[in-house]
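*Asks:* need coordinates for the below:
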Amino acid sequence: MEKHRCGWCVGDPLYEAYHDLEWGVPVYADDQLFEFLILETFQAGLSWITILRKRENFRKAFDFFDYKKIANYDDDKIADLLSDSGIIRNKLKVNATVSNAKAFMKVQDEFGSFSKYIWGFVDGKPIKNKFKNYKDAPANTPLSDKISKDLKKRGFKFVGSTVIYAHMQATGMVNDHEVSCFRYNEV
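*Replies:* Numbering: from 1, shown residues only. Below is the predicted model:
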């Protein structure tokens, strides 16, 4: 019998694998949280499948999302990134990645880890929504507004409320799998 999946991923093997293995699984490791945050910022204005298809290129281009290295990128490295056709070559987003790496480390210094900071907004536990159809999930919420505002205050860029809600979904801070999806109770 075919497993029921959330409607947004059906029909594309890459999307389905991402949905089945990663989307909505709680992520507590700082390095993974940083990767998702950067990928979500690059996704702003684009489709997630575009980012997924370029994910390995992003990993290689950005030193596997090593935020300590990224925080020290110089103009030459930024120029290399902007000429890399394997990623999204948006100057504002590339520069934001560097400044976000610096802001990320400041949050780590203040809270002990980025994970402790970000998960503190949900008391360390995922919010489990009950949507019958993925289209019923919001693009943002008052909580994503609050987190976005706080991140911006801390110097993060490209972290609007919609980007942050997508980050919350991807990293399991909210479970927005359709209630009939086989992953709903697994994550």
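
*Asks:* make it CA atoms for all contacts and neighbour counts henceforth
*Replies:* Will do.

*Asks:* please compute how far stretch 175-187 lies from its chain's middle.
*Replies:* Going by CA atoms, centre = their mean, to the nearest Å, the spacing between the C-alpha centre of stretch 175-187 and its chain's C-alpha centre is 19 Å.

*Asks:* leaving out the residues flanking it, which one is nearest to the residue positioned nearest the centre of the chain?
*Replies:* Centroid-nearest residue in the chain: Phe36, 3.1 Å away (criterion: CA atoms, centre = their mean). Nearest residue to Phe36 in three dimensions, chain neighbours excluded: His167, at 6.6 Å (CA to CA, 6 or more residues apart in numbering).

*Asks:* got the contact list for the one you found?
*Replies:* Listed by CA atoms under 8 Å, 6 or more residues apart in numbering, the contact set of His167 reads 36-37, 40.

*Asks:* how much space separates the residue nearest to the centre of the chain from Ile51?
*Replies:* 11 Å (CA to CA, to the nearest Å).

*Asks:* before we move on, back to that, quick one, what contacts the residue nearest to the centre of the chain?
*Replies:* Contacts of Phe36 were listed using CA under 8 Å, 6+ apart, and they are 167, 170-171.

*Asks:* just checking, which of those residues belong to helices?
*Replies:* Counting by DSSP state H, the members of these that fall within helices are 167, 170.

*Asks:* from the contacts of Phe36, which is closest to Ile127?
*Replies:* When those are compared for distance to Ile127 (CA to CA), Thr171 wins out at 11.5 Å.

*Asks:* my guess is the closest one contacts Asp30, does it?
*Replies:* No - if you go by CA atoms under 8 Å, Thr171 and Asp30 don't touch, sitting 11.1 Å apart.

*Asks:* which residues are in contact with stretch 16-32?
*Replies:* Counting by CA under 8 Å, 6+ apart, 9-10, 33, 65-67, 113-115, 119, 126, 169-177, 183, 187 sit against stretch 16-32.

*Asks:* which of those residues are buried?
*Replies:* Of all those considered here, the ones buried according to neighbour count by 16 or more other CA atoms under 10 Å are 9, 33, 65, 67, 113-115, 119, 126, 169-177, 183, 187.

*Asks:* among the residues you listed, which are located in strands?
*Replies:* Using DSSP state E, the subset of the buried ones among the contacts of stretch 16-32 located in strands is 174-175.

*Asks:* re the thing from before, ok, the contacts of Phe36 vs Gly45, which is closest?
*Replies:* Proximity of the contacts of Phe36 to Gly45 (CA to CA) peaks at His167, which lies at 14.4 Å.

*Asks:* and the pLDDT for the closest one?
*Replies:* At His167 the predicted local distance difference test score is 97.

*Asks:* relative to Pro13, how far out is the residue nearest to Phe36?
*Replies:* Per CA to CA, His167 is found 21 Å from Pro13.
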